[in-house]
Every structure is written in C-alpha cells, then in structure tokens.
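S.K.: this is a predicted model, with the sequence first.
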Amino acid sequence: MKTYAAKMSRRSLDNIMFRLICICLTLFSCCRETAQQEIELEEHERYQDIFPLTQSNFTTEVLDSEEAWIVIFHTGTFTMEWKKMAVALRGVVWVGMIDRREEKDLLQTLGYDMVKTPVARVYHSGHTGSDKRWTDVDSPLDARLHACNSVPDTLATVDDAGLQDFIYQSYASTPTRFPTVIITDEQPSCMLRAMANRYYAFFSFRTMINPSDKDLAIFGQPFKDFELPTIAVLVSKTKDKTDSMTFEAVLYNEDMMGNVNYVNLVKFLFAVNKQYRHTLPGESMAGKRGIVEMRDLLEVEKKRFQVNFLPPVQKAKKEGGLKFTTKVVKDEF
Ligand SMILES: *[C@@H]1O[C@H](CO)[C@@H](O)[C@H](O)[C@H]1NC(C)=O
C-alpha cells in the first residue's frame with residue numbers, strides 16, 4: 001500500500017511539475033511576445049538630436065552638406081545646456097558630436113586647437129567641401145546664433161496686390177508648387193527660413209509680416225483670430241484652368257497639430273502635399289508616389305524624427321470664411 005501511495009504521490013508530483021513547466025513555458029512565450037511586440041515610442045524617444053561623427057562620415061555628413069552643423073567636441077560628457085540647445089534647434093540645424101578621446105585623427109584633419117580646446121564648432125550653411133566656413137564657439141548661445149545667422153533668408157514678402165502673380169509663379173513650376181503664405185508678426189525665424197529652404201521644390205513660400213487687415217481679408221478672417229506665426233497653404237477648389245479660380249486656405253491649426261515647431265510644421269507640409277497635390281493645376285505629378293510622399297525629403301527628416309502619424313489637415317470650413325476668389329487669366333497657363 002505504502003509503495004502504491006508513494007507511487008501516486010510521485011505521480012501527482014510529476015503532474016504538478018508538468019503543469020509548472022507548462023505554465024513557465026506559457027509565461028515565457030507570452031513574455032517573448034511582449035518583447036517582440038512593436039511598442040510606440042514616447043514622443044521624446046523618437047528623436048535623434050545629436051549625431052556621433054567619426055573620421056569615416058564627417059566629410060559626407062558635415063562638409064558635403066549645404067546645411068549648418070553645430071559640432072560639439074566632448075570627452076564623454078557635456079553640459080545639459082548643449083542638450084537643451086540641440087532640442088531647441090531640432091530639425092532646424094544639424095547637431096553632431098566628436099569624441100575627442102576616440103577621434104584623434106579626425107581632430108587633426110580639422111585643425112582642432114589642442115591648446116584652446118574650443119567646446120564646439122559651427123559649420124555655416126551654404127558652403128560645401130573642405131572650404132565650408134566655420135567658427136569655433138564656447139557657448140550654446142553663440143553656437144545657436146552663428147548657425148542660425150548662416151541659414152539663408154530666401155523668403156520674400158507678399159501682399160494682397162501681389163498674390164495673383166505669386167500664384168501664377170507657383171503653378172508654372174514643375175512639379176507645381178503650393179502657394180504658401182507664412183503669416184508672422186516679426187522677421188521669419190531661423191526655423192521658418194530652414195523650412196522654406198528645404199521644402200521649396202514643393203511649396204512656394206512668401207511671408208506676410210504684420211499684415212494689414214486688407215492683406216488678411218483674402219483669408220476672410222480678422223487678424224485677431226490668428227495665432228502667429230501660422231501657415232496658410234492655398235488650394236484651388238477646382239483643377240480647371242478657368243478664367244476665374246476660387247481658392248481656399250489650409251491653415252496650420254494649433255489645436256489639432258500642436259505648438260508651431262519644426263517637427264509639427266513639417267508633418268503639416270507632408271500631410272498637405274499628400275492630401276492636396278492631386279488638386280493642383282499644371283504639372284502636379286500627383287501620379288508619382290515619390291512626389292506625393294516627398295520621399296527624398298522624408299529620408300532626410302527620418303534620420304532625426306518620425307514623420308508617420310501625419311495630422312489630418314482640412315480646408316477651413318466655409319463658415320470659417322477662409323475662402324477667397326482671385327481672377328486667373330486663361331492665357332497665363
Ligand atoms: C557616423 O558614424 C557613426 C558610427 O558609425 C554613427 O553612429 C553616426 O550615426 C554617423 N553619423 C551620422 C550623422 O550619420
């Protein structure tokens with residue numbers, strides 16, 4: 001009897017062990033699943049603000065780029081102020097870092113001053129190659145000033161009288177560009193200039209700085225209703241090139257799209273291009289996916305932040321009044 005009981009308890013022990021193993025296996029596979037599951041990154045985790053630079057990619061990334069770069073020289077750490085500067089300039093200029101302990105050859109190539117050991121160097125926008133202009137700086141504030149000042153200002157202004165010419169010009173290019181008005185109460189910031197320079201092939205930008213009520217009347221909405229700066233992309237209601245075209249404005253909406261910053265503005269431009277390119281007259285090239293997705297620009301921006309989760313963009317509701325008509329002469333096309 002005793003052996004029988006022992007056998008039984010042995011059996012139930014086996015049984016328990018078997019169950020335990022099963023539970024463990026289930027837990028394990030379930031945990032593995034969670035680990036493999038794609039999780040959505042927190043907003044701040046989606047950004048790369050400071051890029052490591054090495055001997056092997058310094059030339060292609062910095063010297064061959066037409067854009068401004070702030071390069072921080074470090075020995076493993078740098079102060080929070082530099083990190084904050086990089087976040088504040090997110091997308092506007094590029095920020096990189098060189099590890100002084102690892103990149104001795106690169107430092108020599110760059111003519112880095114081993115005595116003064118400047119904290120950072122600003123490579124100016126606009127030049128490329130070994131003669132790309134640079135300035136050594138010691139503070140994040142100086143770095144920011146030099147980098148921003150070097151971003152060229154290609155933004156011309158427009159008023160209600162010039163609007164029609166501006167629209168013709170935008171429609172005459174290939175691919176057709178969206179006539180886009182940046183409405184601000186001060187000279188366009190470094191961020192707006194950088195955006196206008198990068199997206200010029202798809203959007204034709206003009207500014208209205210402290211516009212008069214008459215200028216703004218084209219948007220049919222009183223000045224006080226705008227949070228400045230804002231962006232209005234003009235889209236035509238019909239594609240037909242009739243002698244009278246009606247336009248509506250797709251307006252950057254802070255309530256829906258968040259604060260006006262580079263990342264949000266760029267998402268807005270991607271969304272507008274995707275949603276409204278087919279409505280453009282002329283050579284809209286709306287049949288080409290690379291154009292509708294602005295793929296070349298997407299590849300560049302994706303290094304720094306995610307451009308998925310595009311915001312929904314809408315033409316202002318008719319009741320909102322953002323609607324105006326302008327005469328367009330047929331022969332112009
Ligand atoms: C340069 O190369 C380093 C090392 O491979 C890499 O971590 C870094 O992201 C690269 N920099 C850029 C701007 O692509």
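M.R.: Received it, and whenever you're ready, just let me know what you need.
S.K.: just how off-centre is the host helix or strand of residue 246 within its chain?
M.R.: Secondary structure from DSSP states H and E places residue 246 in strand 244-251. Centroid separation between strand 244-251 and its chain, computed with CA atoms, centre = their mean, to the nearest Å, is 25 Å.
S.K.: after it, next one along is what?
M.R.: helix 254-257.
S.K.: now the element after that following helix, going C-ward?
M.R.: As assigned by DSSP H and E, the chain's next helix or strand after helix 254-257 is helix 262-276.
S.K.: buried sites along the helix or strand just after that following helix?
M.R.: Using DSSP H and E, the helix or strand that follows helix 262-276 in sequence is helix 289-292. Residues of helix 289-292 classed as buried by neighbour count (16 or more other CB atoms under 10 Å): 291-292. Bear in mind the C-beta positions are built from the backbone N, C-alpha and C, glycine included.
S.K.: render the CA-only coordinates of helix 289-292 in PDB, please.
M.R.: Extracted in PDB, the C-alpha atoms of helix 289-292 (Å, rounded to 0.1, in the frame of the first residue of the first chain):
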ATOM      1  CA  ARG A 289       4.400  58.300 -55.300                       C
ATOM      2  CA  GLY A 290       7.800  59.700 -54.600                       C
ATOM      3  CA  ILE A 291       6.400  63.100 -55.200                       C
ATOM      4  CA  VAL A 292       3.200  62.600 -53.300                       C
END
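S.K.: quick one: mean pLDDT for the strand holding residue 246?
M.R.: Mean pLDDT, computed over strand 244-251, is 78.
S.K.: okay, that strand in PDB with CA atoms only?
M.R.: Extracted as PDB, the C-alpha positions of strand 244-251 are listed here (Å, rounded to 0.1, in the frame of the first residue of the first chain):
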ATOM      1  CA  SER A 244     -11.800  82.600 -62.500                       C
ATOM      2  CA  MET A 245     -10.400  80.300 -59.900                       C
ATOM      3  CA  THR A 246     -11.500  80.000 -56.300                       C
ATOM      4  CA  PHE A 247      -9.000  79.300 -53.600                       C
ATOM      5  CA  GLU A 248      -9.300  78.100 -50.100                       C
ATOM      6  CA  ALA A 249      -6.700  78.000 -47.400                       C
ATOM      7  CA  VAL A 250      -5.500  75.000 -45.500                       C
ATOM      8  CA  LEU A 251      -4.400  76.600 -42.300                       C
END
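S.K.: got the domain ranges for the protein?
M.R.: Domain assignment for the chain by automatic domain parsing gives 43-150, 156-324.
S.K.: could you tell me the least trusted of those domains?
M.R.: Among those, domain 156-324 scores lowest, with a mean of 84.
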